[in-house]
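A.B. asks: Sequence plus the predicted model coming up.
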Amino acid sequence: MSEVVRFGVSLEKELLDKFDRLIKEKKYSNRSEAIRDLIRENLVKREWVDGKEVAGAITLVFDHHKRDLVNILTDIQHDFYRIIISSQHIHLDHSNCLEIIVVRGKPTEVRGLANKLKSNRGVKYGALSIATTGKELV
């Protein structure tokens, strides 16, 4: 386990009050946990900027009745098979499907796949959730 270092932070009272309300709302047990989480979040964003190997999830909602859309989405995923870890297809109702695609690779490849998938006609919603492989975090 890593060595814990204590340090002081100076903030305006109003900013600290807002931070404390946020901590309570998000159910953190203390300020230290909230600050650690903020630091990690920014480090993960940095991994994406620096081009390190990253992980994430692409979420799509689409009309499965749209002609050839399922085949198009599947073909695109086959083109990117090296970075796709897993995918899950969920039938939301008679017309709408939700697909979650878990990815790991270089940020440019992951973003490229997400953009290629969500730009197809019939895709009602597409989003990339960035994450980390955890290799760079403590």
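C.D. replies: Yep, it's here.
A.B. asks: okay, CA-based contacts and neighbour counts for the rest of this
C.D. replies: Fine.
A.B. asks: residues near L113, how many?
C.D. replies: L113 sits with 20 neighbouring residues when counted by other CA atoms under 10 Å.
A.B. asks: tally of neighbours for the nearest residue to it once chain neighbours are set aside?
C.D. replies: Residue nearest to L113 in three dimensions, not counting chain neighbours: F80, with 7.0 Å by CA to CA, 6 or more residues apart in numbering. Residues near F80, counting by other CA under 10 Å, number 15.
A.B. asks: Report the separation between F80 and E33.
C.D. replies: 37 Å (CA to CA, to the nearest Å).
A.B. asks: Equivalent analysis for L73, please.
C.D. replies: Distance from L73 to E33, counting by CA to CA: 40 Å.
A.B. asks: Which one's more surrounded, those two?
C.D. replies: Comparing L73 with E33 by other CA under 10 Å, the one with more neighbours is L73, at 15 against 12.
A.B. asks: Okay, and that one sits in which element?
C.D. replies: L73 belongs to helix 69-79 when elements are defined using DSSP states H and E.
A.B. asks: which of the residues in that helix are buried?
C.D. replies: Along helix 69-79, these residues count as buried under the neighbour rule (16 or more other CA atoms under 10 Å): 69-70, 77.
A.B. asks: Okay, now the unreliable bits of this structure?
C.D. replies: The model of the chain has pLDDT under 70 over residues 1.
A.B. asks: sorry, back to before: from the buried residues of helix 69-79, pick the one nearest K124.
C.D. replies: Of all the buried residues of helix 69-79, K124 sits closest to L69, with 11.7 Å by CA to CA.
A.B. asks: Can you tell me the closest non-neighbouring residue to that closest one?
C.D. replies: G122 (6.9 Å).
A.B. asks: V110 too?
C.D. replies: The nearest residue in space to V110 (CA to CA, 6+ apart) is V103, at 6.9 Å.
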